[in-house]
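**Student:** Structure for the following, please:
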Amino acid sequence: MPIAGDLGWNLDELIERMWEYLDLIRVYTKPKGKDPDYEQPVIIQRIRSTVEDFCNKIHRNMVKDFRYAMVWGTSVKFNPQKVGK
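**Tutor:** Here you go, the predicted structure:
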């Protein structure tokens, strides 16, 4: 795949392939009673994509006080689904 940074050739394809190669996913947060934050997703590896891993990515003390999370998306049986760690 030819890439030219100064001409802007295939940069979108390069970024997409990097996401696939590194096996990264975006997790969007939604505070209760507010709209989702689509501007600053939390980036985590797919192999470390549990709720506990997500909490550790935000702050390591968050896991101690964690009770549950509401999850939307294709990884749950129904939207939203209440999940633990």
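
**Student:** which stretches of the protein form strands?
**Tutor:** Along the chain, the segments classed as strands by DSSP state E run 24-27, 42-45, 69-71, 81-83.

**Student:** Put together TSV for the ones you listed, with mean neighbour count on each row.
**Tutor:** (Each C-beta comes from the backbone N, C-alpha and C, glycine too.) Output for those, formatted as TSV (neighbours: other Cβ atoms under 10 Å):
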stretch	mean neighbour count
strand 24-27	14
strand 42-45	14
strand 69-71	14
strand 81-83	12
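
**Student:** For the ones you listed, could you give me JSON lines that also reports mean pLDDT and distance to G33?
**Tutor:** JSON lines is the format used below for these (pLDDT from 0 to 100; distance: least, Cβ to Cβ, whole Å):
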{"stretch": "strand 24-27", "mean pLDDT": "90", "distance to G33": "19"}
{"stretch": "strand 42-45", "mean pLDDT": "90", "distance to G33": "20"}
{"stretch": "strand 69-71", "mean pLDDT": "88", "distance to G33": "12"}
{"stretch": "strand 81-83", "mean pLDDT": "90", "distance to G33": "16"}
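
**Student:** TSV for these, including distance to M18?
**Tutor:** TSV is the format used below for these (distance: least, Cβ to Cβ, whole Å):
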stretch	distance to M18
strand 24-27	8
strand 42-45	12
strand 69-71	26
strand 81-83	29
